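Trainee: structure for this input, please:
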Amino acid sequence: MARDKPNEDYIGPIRRLLVGVLVLSLVGLFLVWRIDSPRVERFRSAAIDTVVPSFDWAMAPITGAANLISDFESYRQLRAQNQDLRRELQQMKAWKEAALQLEQENAKLLDLNNVSLDPQLTFVTGVVITDSGSPFRQSVLVNVGSRDGILDGWPTMDGIGLVGRIAGVGNETSRVMLLTDTSSRIPVTIQPSGQKAILAGDNSLNPPLEFLGDTALVRPGDRVVSSADGGVFPADLLVGQVALGTDERLRVRLAADYQRLEFLRVLRSQEHEAIPDPDGLLAPDAEFFGPAAINPVSLQSVEANDG
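Mentor: Next comes the predicted model:
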């Protein structure tokens, strides 16, 4: 305790002395800073040039932190801009795909308008809404039906050639049996020879020609059009071209694009005259055609005579 007391006697005056010097220095610095004199201004400039650069080391952490914060803010802004640009790029891609799809649909509709048809034939344009093709049945559905006046048997075309015929009509939709369906049979004419044949569907894109009269007059590349025989289709609708199949049979390379059926034109065919009594056309007279033609009245009279 005796040793600590002399130390306290020295520390107190020294502390007061240092405080006094610091106060005088600050007051002098303030007065020097306030004096408006060229000599004092040169002194101030020299002091600033000497003292301020020495504080760079002290300001380095603060400057680094400020730069880091600024870089992080710039990175955040760049990331947000990058995400915005990505979204805009995706939208532009979607718009481009939509524009290409609309362009293709427009081209197909223009193809439908460019098909030359008999002026007496009118048509209804429908959109293919589903493809119900299967290994056993080839058909599509279109969004036109009885409300649009569609009837069974009317032919359908795409922008190039014959596709099939209506084989079932609903109120708002209709089923189109394609020429490739195994149940499809249509009469055709081969040009320029004029040979008649039946185009029989076989679930292939190149159905064969059957019941051809003279095959020697038909060559690959000949034009095949519909025939008005039987009143099934109007005449001269483009079907395709004759081609020789791998099985050495004469087939037809269909003109219609069956891989891209989107729009179909349903042709309004002329209504056929109704047959009031179709049985009368098929059943022969009794005296000319065997036991099947015996009527019940004559059969009863024969049985009475036998009795």
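
Trainee: tally of neighbours for Leu267?
Mentor: Look at Leu267: counted by other C-beta atoms under 10 Å, it has 21 neighbours. Using the backbone N, CA and C atoms, a C-beta is placed for each residue, glycine as well.

Trainee: so which residues of the stretch 201-307 of the chain form helices?
Mentor: 278-282, 296-306 (DSSP state H, counting those that start in this stretch).

Trainee: which residue sits closest to Asp181, ignoring its sequence neighbours?
Mentor: Once flanking residues are discounted, Asp181 sits nearest to Gln138: 4.0 Å by C-beta to C-beta, 6 or more residues apart in numbering.

Trainee: wait, the one you found touches Leu178, no?
Mentor: Yes: the pair Gln138 and Leu178 qualifies as a contact (C-beta atoms under 8 Å) at a distance of 4.3 Å.

Trainee: show me whatever sits in contact with both of these two.
Mentor: Common contact partners of Gln138 and Leu178 (C-beta atoms under 8 Å, 6 or more residues apart in numbering): Ser184, Gly201.

Trainee: following the helix ranked longest in the chain, which helix or strand comes up?
Mentor: Using DSSP state H to define each element, the chain has its longest helix at helix 56-114. Using DSSP states H and E, the helix or strand that directly follows helix 56-114 along the chain is strand 122-131.

Trainee: mean confidence for that following strand?
Mentor: Throughout strand 122-131, pLDDT has a mean value of 85.

Trainee: name the helices or strands packed onto it?
Mentor: In this structure, strand 122-131 packs against strand 139-142, strand 263-268, with contacts taken as 3 or more C-beta pairs under 8 Å, 6 or more residues apart in numbering; DSSP states H and E.

Trainee: so what's Asp148 closest to, chain neighbours aside?
Mentor: Going by C-beta to C-beta, 6+ apart, Asp148 has Val124 as its nearest residue, at 5.3 Å.

Trainee: what's the one you found in contact with, if anything?
Mentor: Val144, Asp148, Gly149, Ile150, Arg265, Val266, Arg268.

Trainee: change it to 6 Å
Mentor: Applying C-beta atoms under 6 Å, 6 or more residues apart in numbering to Val124 gives the contacts Val144, Asp148, Val266.

Trainee: show me the beta-bridge partners of it.
Mentor: Val266 (DSSP bridges).
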